[in-house]
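>>> have a look at this fold, sequence not included:
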């Protein structure tokens, strides 16, 4: 997959709903140019696909979503954007996840823009 993306000169990789740990080589190929969205306010409930269930089991009053830069350590890269979601007393994993996804859809484009702008600034020639 990395070769295919590099052949097409992909500048930014966005993982949304991708539930696999990426190989160190793939992560290195796109270091600083790959985002992930996770359904919790990291660092809380990172490292797994059951963050919404964990939030409910732990009885938190607020959870949410995080968009972060992907690194070799799962769900531990620099955070770009977070959005909070209140946990309602009658929430189920499905109802809470649906509200979190609404926020993911809002903040993911914002994070993509932030990272794209940062990458463009880094690659721009220095002005005299």
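Okay, I see it. This one's a predicted model, so the numbers in the text were calculated from it and none came from an experiment. Numbers count the residues shown, from 1 in each chain.

>>> what's the end-to-end length of stretch 14-30?
11 Å (Cα to Cα, to the nearest Å).

>>> mean confidence (pLDDT) on it, please.
Mean pLDDT, stretch 14-30: 89.

>>> can you mark which positions in the longest helix along the chain are buried?
Scanning the chain for the longest helix, with DSSP state H as the assignment, gives helix 93-123. Buried residues in helix 93-123, defined by neighbour count with 16 or more other Cβ atoms under 10 Å: 96, 97, 99, 100, 101, 103, 104, 107, 108, 111, 112, 115. Yep, even glycine has a C-beta here, placed from its N, CA and C like the rest.

>>> residue 33: which of those is nearest?
residue 115 (7.5 Å; Cβ to Cβ).

>>> that closest one touches residue 69, doesn't it?
Yes: if you go by Cβ atoms under 8 Å, residue 115 and residue 69 touch, sitting 7.3 Å apart.

>>> identify the contacts common to those two.
Each of 35, 80 lies in contact with both residue 115 and residue 69 under the rule Cβ atoms under 8 Å, 6 or more residues apart in numbering.

>>> low-confidence regions, this protein specifically.
124, 126-128 (pLDDT under 70).

>>> what ranges do the helices span in it?
Using DSSP H, the helices of the chain run over 2-7, 24-29, 51-58, 93-123.

>>> which other residues reach the second one?
The reference is to helix 24-29. Outside helix 24-29, the residues that reach it (Cβ under 8 Å, 6+ apart) are 1, 2, 5, 6, 34, 70, 71, 72.
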